[in-house]
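Visitor: sequence and predicted structure below; questions after.
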Amino acid sequence: MVAEPNWTHREPPNDPVSAFGIGNVAVAGRGRVVAEQQLGPLFTDHRGRIDLPALAVLFDHLGGLPYFRSGPSTTPCVQARLSMAMQGHVGIDDRITATADLMMRDDSFGSTRVDITTSTGHVCCTGTARNVAVGRSYDEAPSKAPGLGPTPGTAYTHGVDLPPAIEPHLSGREIVEQIASGALAGGPIVDLLNGRVALIDHDRAAGVRFTVTTEPWMGNLFGTMHGGVIASVAAQACSFAGQANAAAGVDYQLGDLAIGFLRSPAVRGTDVVVEVAPIKVGRRIASFEATMRAQDGLLLSTATADVIYR
């Protein structure tokens, strides 16, 4: 049996921003917004590693703020698409900084570039967000939308035990099978997302099904799932697919994720399901496609991802 995660000294999250240790949001010039995220063991995967899923909420949240602030009295908006590319590994305990610059805007659409850097100044993730204005009203006051506030300290992000080391003789398929059976821990970020994984065979390669039970804290200001949480869920599903196709002793990283948001699911305790299928699996790189559906089968999101093997 896998030991239960150590949730000592942890308050239930209120929203995606606080759940992922994001704060210190500030306007840094015309069309530019910056924010910080305090990382920690809470956001590590089954390998005890910080990977792209841990950065997706920061990327999406900041990716919409410059366009949101660009209108005469703030512009209600959502992201239609995110394109994220990892540029190296990130330390477990790092405090990262994201900078979002509005590159284009009109009354209907915007485009934002997002760069995330480590505490040493290394760019660890880059990409773009496509913003679209919407006519919906907020569930909360628009003044709360920028998510201002101090960055949570390490007492929040570090109050979880890292998963135990994985035996190096296990193949990636065996690792995912053991996570699915409960013999291995899925990782703190999977616990945070209420996720569970199952293996799916596709001819000579493996895919996965990643199921997440929604909670109210995952919602955005419109009362549906935050785009960053959707991206984090899809990215974690693709990460498991990358693991499932890795040979024993081979390391991997989720290098690229492009995700389109079609509909946003409710966050009232129902399940969302991501199915990941291999497009091509090679020795150095594997490409996957992912679809997220609601419990009733409604298509919510589509994504493609590349996993890098080393």
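Guide: Yes, it's here.
Visitor: in a helix, W217, correct?
Guide: Yes. When DSSP: H, G, I helix; E, B strand; the rest coil is applied, W217 is found to be in a helix.
Visitor: give me the nearest residue to it, chain neighbours excluded.
Guide: Spatially, and ignoring its direct neighbours in sequence, W217 is nearest to P13 (4.3 Å; C-beta to C-beta, 6 or more residues apart in numbering). Just so you know, the C-beta spots here come from the backbone N, C-alpha and C atoms, and that holds for glycine as well.
Visitor: the one you found reaches A19, doesn't it?
Guide: Yes. Shown here, P13 and A19 form a contact pair, counting by C-beta atoms under 8 Å, at 3.4 Å.
Visitor: strands of the protein, residue ranges please.
Guide: Secondary structure of the chain by DSSP state E: the strands cover 22-29, 32-38, 77-86, 95-105, 109-117, 123-133, 195-202, 205-213, 252-261, 271-281, 285-294, 299-309.
Visitor: and the third one with strand 109-117, angle?
Guide: Going back to what we said before, that points to strand 77-86. If you take axes from the mean of the first three to the mean of the last three C-alpha atoms, to 10 degrees, strand 77-86 sits at 40 degrees to strand 109-117.
Visitor: can you give me the angle strand 77-86 makes with strand 123-133?
Guide: Computed by the same axes, to 10 degrees, the angle separating strand 77-86 from strand 123-133 equals 160 degrees.
Visitor: show me what counts as buried in strand 77-86.
Guide: By neighbour count on 16 or more other C-beta atoms under 10 Å, the buried set for strand 77-86 is 77-79, 81-84, 86.
Visitor: in TSV, list those along with pLDDT and distance to T214.
Guide: Formatted as TSV, the entries for those read as follows, by pLDDT from 0 to 100; distance: C-beta to C-beta, whole Å:
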residue	pLDDT	distance to T214
C77	86	22
V78	89	17
Q79	92	19
R81	97	22
L82	98	20
S83	98	25
M84	98	22
M86	98	26
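Visitor: skip the chain neighbours and tell me the closest residue to the most centrally placed residue in the chain.
Guide: With distances taken as C-alpha atoms, centre = their mean, the chain has S232 as the residue nearest its mean C-alpha position (2.1 Å). Setting aside the residues directly before and after it, S232 is nearest to A56 in space (C-beta to C-beta, 6+ apart), at 4.1 Å.
Visitor: Provide the backbone phi and psi angles at the residue nearest to W217.
Guide: Comment: the main-chain dihedrals of P13 come out as phi -70, psi 150, following degrees, to the nearest 10.
Visitor: what mean pLDDT does stretch 267-278 get?
Guide: Mean pLDDT, taken over the full extent of stretch 267-278, equals 97.
Visitor: revised request: answer the last question for stretch 34-51.
Guide: Rounded mean pLDDT across stretch 34-51 is 97.
Visitor: endpoint to endpoint, stretch 179-199 covers what distance?
Guide: According to C-alpha to C-alpha, to the nearest Å, stretch 179-199 extends 10 Å from its N-terminal end residue to its C-terminal end residue.
Visitor: again with stretch 18-31
Guide: For stretch 18-31, the first and last residues are 24 Å from each other (C-alpha to C-alpha).
Visitor: chain center to it: distance?
Guide: Going by C-alpha atoms, centre = their mean, to the nearest Å, the spacing between the C-alpha centre of stretch 18-31 and its chain's C-alpha centre is 17 Å.
Visitor: P13 and A19 - which one has more neighbours?
Guide: When neighbours are counted by other C-beta atoms under 10 Å, P13 and A19 differ, and A19 comes out ahead with 23 against 18.
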